[in-house]
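Visitor: give me a model of this one.
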Amino acid sequence: MISDLTYRKAFLFAVTLHLFLLVLLFTDNSSKKPVLTIESKNSPGMMQPTASQQEVVKAVSVDNKEIMKTVNRLKQEREQQKKAELNRQKELLRQAEAAKQQRIKEQQEIARLKEEANKIAIARKKQVEEEKKRLKELAEQKALEAKRIEELKKQNEKLAKQRELEAKKLAELNKKKQEEKEKAEKLKAEQAKAEKLKAEKARAEQEKAEMERKRQAEAAAAQQAAQNAERQARIAGEVDKYKALIVNAIGRNWILPENVDSSLSSQFRIRLAPDGTVLEVSLIRSSGDPLLDRSAQTAIYKASPLPVPQDVETFNLFRDISLTVRPEQVRG
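Guide: Numbers count the residues shown, from 1 in each chain. Here you go, the predicted structure:
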């Protein structure tokens, strides 16, 4: 009797455990997992299970492990299904958003195409109106051109008649002109003959006068040339004279360095005042001996005022002169 009661208890326990696990499987995963605790308590006065009862309990325990494995597998599958469902819903949302954006783009494209079609229609209408206007203006121009051609034709006919009359008048006029021309040519020939005689006489007189003028000019030029030559000779003589005087004046004031080479020479540029005062002395070409150059420059300043001509024209040649000095001029 006790053995049957124990078996029934074990069986009821196994069924209850299965139901509990099934409820746990379908509850919210976020909730805490219930923990089933089985405690065996030996109450005083309670009999210990027999060997057969222990076998039943052991079988139930093994069965419970299999159930737990199944439950865990089912839970994993449920989690995977939920995750797949979330991914599917996200994909559906993404596709819906993409479809929405596509519809917006299509609506915008339709609006753009409508606007473009409207613009094309307006442009086409404007083009048709302009073409009508152009054709109208062309027709008006053709009408005006036809009218102008008709008027031009009438004018040409009128001009032809006028030309005919003018040609007749011109023939008469040419005949009269020819007669006048022949008369004028005869008169012109007579006048030309008289003019030729007059011109020949005038040319002879002009040649005579030109020869006289040329003779006088040549005589004056010869006289002027002689005067210029005389003046140039006089000025050249004055220049040579005063250059020699200047060189002598410088030589008198030139203290030569010892053992100087007499063949050396220095060239200076000298600016003078009208009274002969030396305003500036510049070395143009060195002798190669700095002492000789400085002594010559000092001598030029010491010789100031230098002798210069009183004649203004001749002095102008001495305002800015180039002078070459040599030691031999002093020793000589």
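
Visitor: name the residues of stretch 307-322 that are buried.
Guide: V308, P309, T314, F315, L317, F318, I321 (16 or more other Cβ atoms under 10 Å). (Glycine included, C-beta is placed from N, CA and C.)

Visitor: quick one: which of the residues you listed is nearest S286?
Guide: Using Cβ to Cβ, I321 comes nearest to S286 of the buried residues of stretch 307-322, at 18.3 Å.

Visitor: roughly how far apart are that closest one and F315?
Guide: 11 Å (Cβ to Cβ, to the nearest Å).

Visitor: repeat that for P309.
Guide: The gap separating P309 from F315 is 5 Å, by Cβ to Cβ.

Visitor: do A98 as well
Guide: A98 is 112 Å from F315, by Cβ to Cβ.

Visitor: got it, and A233?
Guide: Distance from A233 to F315, counting by Cβ to Cβ: 18 Å.

Visitor: and what of E109?
Guide: Per Cβ to Cβ, E109 is found 105 Å from F315.

Visitor: next one: D293
Guide: From D293 to F315 the distance is 27 Å (Cβ to Cβ).

Visitor: got it, and K158?
Guide: 93 Å.

Visitor: low-confidence ranges, the stretch 51-200 of the chain, go.
Guide: Along the stretch 51-200 of the chain, the model assigns pLDDT under 70 to residues 51-62.

Visitor: would you tell me what the next helix or strand after the lengthiest helix in the chain is?
Guide: Longest helix in the chain, counting residues (DSSP state H): helix 51-252. Moving toward the C-terminus from helix 51-252, the next helix or strand (DSSP states H and E) is strand 266-272.

Visitor: next one: the next helix or strand after that following strand to chain centre, how far?
Guide: Using DSSP H and E, the helix or strand that follows strand 266-272 in sequence is strand 278-285. Remark: strand 278-285 is offset 55 Å from the chain centroid, using Cα atoms, centre = their mean, to the nearest Å.

Visitor: average pLDDT across stretch 214-231?
Guide: Average pLDDT, stretch 214-231: 85.

Visitor: again with stretch 15-23
Guide: Stretch 15-23 comes out at a mean pLDDT of 74.

Visitor: would you mind writing the CA trace of that stretch as CSV?
Guide: The C-alpha coordinates for stretch 15-23 follow below in CSV (Å, rounded to 0.1, in the frame of the first residue of the first chain):
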residue,chain,number,x,y,z
VAL,A,15,3.3,15.6,-14.2
THR,A,16,3.3,18.8,-12.1
LEU,A,17,7.0,19.4,-13.1
HIS,A,18,6.2,19.1,-16.8
LEU,A,19,3.3,21.5,-16.5
PHE,A,20,5.4,24.0,-14.6
LEU,A,21,8.2,23.8,-17.2
LEU,A,22,5.7,24.3,-20.0
VAL,A,23,4.3,27.4,-18.3
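
Visitor: mind listing what's buried along it?
Guide: So for stretch 15-23, counting by 16+ other Cβ under 10 Å, buried means L17, L21.

Visitor: residue contacts, D320?
Guide: R269, I270, R271, L272 (Cβ atoms under 8 Å, 6 or more residues apart in numbering).
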